[in-house]
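Undergrad: Just a sequence and a predicted model for now, questions to come.
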Amino acid sequence: MNFGIHTGQQDAPYEDFVKAWQMADRAGFTWISVWDHFYEAPNRGGDSPTYETVAMMTAAAAATTRARIGVLVMSAGYRPPALLAKMITTLDHISNGRANLGMGAGWHQAEYEAYGYTFLPLKERMNMLEESVHIIQSMLANDTTTFNGKHYRVREAKLNPKPVQAKLPVWVGGGGEKRTMNIAARYADGWNIAYVPPEVYRRKIEVLDQWCEKVGRDPKTIMRSINTGFYLGTDKKSAARGLDRMAEDGFNVERTGPGMLCGLVSEAVEQIGTFQRAGVTQMNIAFRPPFDFDAYQAFIEEVVPKFR
């Protein structure tokens, strides 16, 4: 089992994120990511401090030396794909070949409208995602790219310099079985899903494998990962507080609890084992402010070594 950390960059001073990233890097975590929001999630009217995504990815790259730097996920509607290809390639040079790009269709309607983006119906947002991933993958691989889509167009677009790494991974995030996983099977280097219990994860990877078979792709060529909420505590009091925070973060504790790490840190070993038996090999703990660094350190010391 490989571990990563996913930090939603809101509700905390910048220095706390640096501390969380560096703890993960020193502990041998293989992945550090942020999310892509202008407003806090869940939405509180945009009143909570929320840092910009690409700047935070760059900061994470500068603050660490080993873990791969990613985003789960960029909204396809916020940045033209050619610009995004340039951004992520620049980050790859800053990070010395550690950049990953995650793409999704986007969902946060309030921030779309507040920042002047049109919140299209889901079908159109999925079309934007597909066009974006297609253009980005072409620009990463080819000398020039020309594409005329409904939402995005490029003409003999060049991407220089190319990334440091031979293949900069492009991930697609989401569990939609008709479109999202189809797009992942056709275009993505990796696929991620968030906050689902082990049995759902098992079913989703079966669907992904089926899509790979339909499009003639070897399923083994697609990396897979899962995000799980981190609501652990070092004692009963902090564990109970973690359940309260899960609800405050907008999750239904009874419905989504099986897709989270919750309870005592010592209980996480069995919880992770259940995910591992369902086929999870990369688990990114979603570490949301206010950070419980004591629980995080205990997780690093007591739980992670049991999966080495």
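TA: Sure, I can see it.

Undergrad: Can you mark which positions in the lowest-mean-pLDDT helix or strand in the chain are buried?
TA: Least confident helix or strand of the chain, by mean pLDDT, DSSP states H and E, is helix 253-256 with a mean of 82. Residues T256 are the ones in helix 253-256 that count as buried (16 or more other CB atoms under 10 Å). The C-beta positions use only the backbone N, C-alpha and C, and glycine is treated the same way.

Undergrad: so what's the residue most central in space within the chain scoring on pLDDT?
TA: Geometric centre of the chain, nearest residue: L72, 2.1 Å, by CA atoms, centre = their mean. Listed pLDDT for L72 reads 97.

Undergrad: so what does the helix or strand containing Q137 touch, helix or strand wise?
TA: Here Q137, judged by DSSP states H and E, is contained in helix 122-141. Applying 3 or more CB pairs under 8 Å, 6 or more residues apart in numbering; DSSP states H and E, we find helix 122-141 packed against helix 81-94, strand 101-104, strand 145-148, strand 153-157, strand 170-173, helix 180-187.

Undergrad: now these as JSON lines including distance to D16, mean pLDDT and mean neighbour count?
TA: As requested, the helices and strands packed on helix 122-141 are exported to JSON lines (distance: least, CB to CB, whole Å; pLDDT from 0 to 100; neighbours: other CB atoms under 10 Å):
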{"stretch": "helix 81-94", "distance to D16": "22", "mean pLDDT": "98", "mean neighbour count": "20"}
{"stretch": "strand 101-104", "distance to D16": "22", "mean pLDDT": "98", "mean neighbour count": "28"}
{"stretch": "strand 145-148", "distance to D16": "39", "mean pLDDT": "98", "mean neighbour count": "15"}
{"stretch": "strand 153-157", "distance to D16": "38", "mean pLDDT": "98", "mean neighbour count": "14"}
{"stretch": "strand 170-173", "distance to D16": "24", "mean pLDDT": "98", "mean neighbour count": "25"}
{"stretch": "helix 180-187", "distance to D16": "32", "mean pLDDT": "98", "mean neighbour count": "23"}
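
Undergrad: Which among those is found nearest to L264?
TA: Among the helices and strands packed on helix 122-141, strand 170-173 comes nearest to L264, with 29.5 Å by CB to CB.

Undergrad: in its sheet, what does the closest one sit against?
TA: Paired neighbours of strand 170-173 in the sheet (DSSP bridges): strand 101-104 (parallel), strand 190-194 (parallel).

Undergrad: On the pLDDT front, check A41 for me.
TA: Per-residue confidence (pLDDT) for A41: 91.

Undergrad: and the residue nearest to it when sequence neighbours are not counted, how many residues sit next to it?
TA: Closest residue to A41 apart from its sequence neighbours, by CB to CB, 6 or more residues apart in numbering: H108 at 6.3 Å. Residues near H108, counting by other CB atoms under 10 Å, number 21.

Undergrad: Correct me if wrong: H108 contacts P42.
TA: No. Judged on CB atoms under 8 Å, H108 makes no contact with P42 at a distance of 9.4 Å.

Undergrad: Need the residues that contact the helix or strand L243 falls within.
TA: Element membership of L243, judged by DSSP H and E, is helix 236-248. With CB atoms under 8 Å, 6 or more residues apart in numbering as the test, helix 236-248 has contacts from 229, 231-233, 253, 256-257, 260, 262-264, 288, 292, 294-295.

Undergrad: Most neighbours of all the residues you listed, which one?
TA: Using other CB under 10 Å as the neighbour criterion, Y231 leads these with 28 neighbours.

Undergrad: Since that was my last question, I'll sign off now.
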